[in-house]
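> got a predicted structure here, sequence first:
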Amino acid sequence: MNSLIVTLEYFVFITFELIALFMLISAAVEIILMYIPQEKIKKWLSGRGILGNVMAAGFGALTPFCACSTIPMTVGFLNAGVPFGSTMSFLIASPLLNPIIIGMLGAMVGIKAMITYFILAFIASVLFGFVLEKAGMQKYVKNVRLKGGNDEPGENKRAWPLKRKLKEAFSSAWGSLRPIMGYLLIGVALGASIYGYMPQDFVMKIAGPDNIFAIPIAAVLGIPLYIRAETAIPIGVALMSKGMSIGTVIALIIGGAGMAIPEMTMLASIFRKKLVAAIVAVIFLTAVISGYLFNILL
């Protein structure tokens, strides 16, 4: 009975916390993007050299996109003439530096962990985007053109009164939350069950800080286990409470967020196998290196 009460308390508290975080972060990002015209974004990303990679990773960090939005934007950038390296930095940063992931990590794991995660993932996005371009991987991009139109330009929304902007921002946030509410509740329910019932000794044995192979294994296991960040993080936090090292949790999140099966399937439609394999290798290395660094630093 005690375990059931603890499980239900965890479920209710984390559910309300994640919904509030999701709505506030998504609305804030929507308002920020209203002030940035799309043409200006493309101009920033078109900067030559490492600066273009930095700007692209920064834009990826600002956009709470899932694969269904990230991939079309990636194709759009390539078709618009944005440098390949900058586009790759955006592609890597967008899922890993999703504001929802960053916000949830800060609220549930701690500000220090959030900042460390952001710095490591940002550096990896900039560095690997630059390396992929220098390695000539752009030759493995298929000739794909985007279909359909764009949303109304940012200049129009920028002229809206504040009340309308807030209404639009929270309406958009709710529109993003509603389709994934089921996934969020599944993730919280699994996390609550782990928190209330999974033996701590079992978790410590297979994924504790003393198992040096736990991090690369978690990076791979994150791929089929990952549904969305809103699902993965409460599970990871619950596992941490049972003794899983923070580095293993971070590897699980990065591996799942960056190498999710739906995203890899969509990438295969616009990139050739060698480039898809290179991106998978980049995400895996980011997950493993970040995991070990987290255990050392934190």
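Ah, there it is.

> on the three-state scheme, Gly243 is what?
coil (DSSP: H, G, I helix; E, B strand; the rest coil).

> what's the answer for Ser269, then?
On the three-state scheme (three-state DSSP), Ser269 is labelled coil.

> the helices in the stretch 151-298 of the chain, which residues?
154-158, 162-197, 200-207, 214-225, 229-241, 246-258, 261-267, 273-297 (DSSP state H, counting those that start in this stretch).

> what's the pLDDT at the residue nearest to Val220 when sequence neighbours are not counted?
Of all residues beyond its chain neighbours, the one nearest Val220 is Gly255 (6.4 Å), with distances taken as CB to CB, 6 or more residues apart in numbering. For glycine as for every other residue, the C-beta is placed from the backbone atoms N, C-alpha and C. Gly255 carries a pLDDT value of 82.

> list the contacts of Gly255.
Remark: with contacts taken as CB atoms under 8 Å, 6 or more residues apart in numbering, Gly255 is in contact with Ala218, Ala219, Val220, Leu221, Gly222, Ile223, Tyr226, Ile283, Phe284, Ala287.

> the third one: neighbouring residues, count only.
This points to Val220. 17 (other CB atoms under 10 Å).

> oh, and call the first residue 145 from now on, that's how I've got it
Understood, numbering begins at 145; the last thing we discussed is Val364.

> my guess is Ala205 meets Pro239, correct?
No - between Ala205 and Pro239 no contact is recorded; they are 10.6 Å apart, counting by CB atoms under 8 Å.

> more crowded one of the two?
Pro239 (27 against 21).

> still on that earlier bit, please identify the most buried of the helices of the stretch 295-442 of the chain.
The highest mean neighbour count among the helices of the stretch 295-442 of the chain belongs to helix 390-402 (a mean of 28), with neighbours defined as mean count of other CB atoms under 10 Å.

> tell me which of the helices of the stretch 295-442 of the chain lies nearest to Lys184.
When those are compared by CB to CB, helix 298-302 sits nearest Lys184, at 7.9 Å.

> in CSV, list the helices of the stretch 295-442 of the chain along with distance to Ala201.
Converted to CSV, the helices of the stretch 295-442 of the chain look like this (distance: least, CB to CB, whole Å):
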stretch, distance to Ala201
helix 298-302, 20
helix 306-341, 22
helix 344-351, 30
helix 358-369, 20
helix 373-385, 18
helix 390-402, 13
helix 405-411, 17
helix 417-441, 12
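
> so which of those is nearest Ile169?
Minimum separation from Ile169 across the helices of the stretch 295-442 of the chain (CB to CB) falls at helix 306-341, 8.1 Å.

> quick one: the closest one to helix 358-369, angle?
120 degrees (axes from the mean of the first three to the mean of the last three CA atoms, to 10 degrees).

> so what secondary structure elements neighbour helix 306-341?
Using 3 or more CB pairs under 8 Å, 6 or more residues apart in numbering; DSSP states H and E as the contact criterion, the neighbours of helix 306-341 among helices and strands are helix 146-178, helix 373-385.

> which of the ones you listed sits closest to Leu276?
Nearest to Leu276 among these is helix 373-385; the distance by CB to CB comes to 23.8 Å.

> now do the host helix or strand of Phe262: distance to the chain's middle.
Phe262 belongs to helix 255-278 when elements are defined using DSSP states H and E. Distance, stretch centre to chain centre, for helix 255-278: 12 Å (CA atoms, centre = their mean, to the nearest Å).

> list the contacts for Ala237?
By CB under 8 Å, 6+ apart, Ala237 lies in contact with Ala200, Ala201, Gly202, Phe203, Gly204, Ala205, Ala265, Phe266, Ser269.
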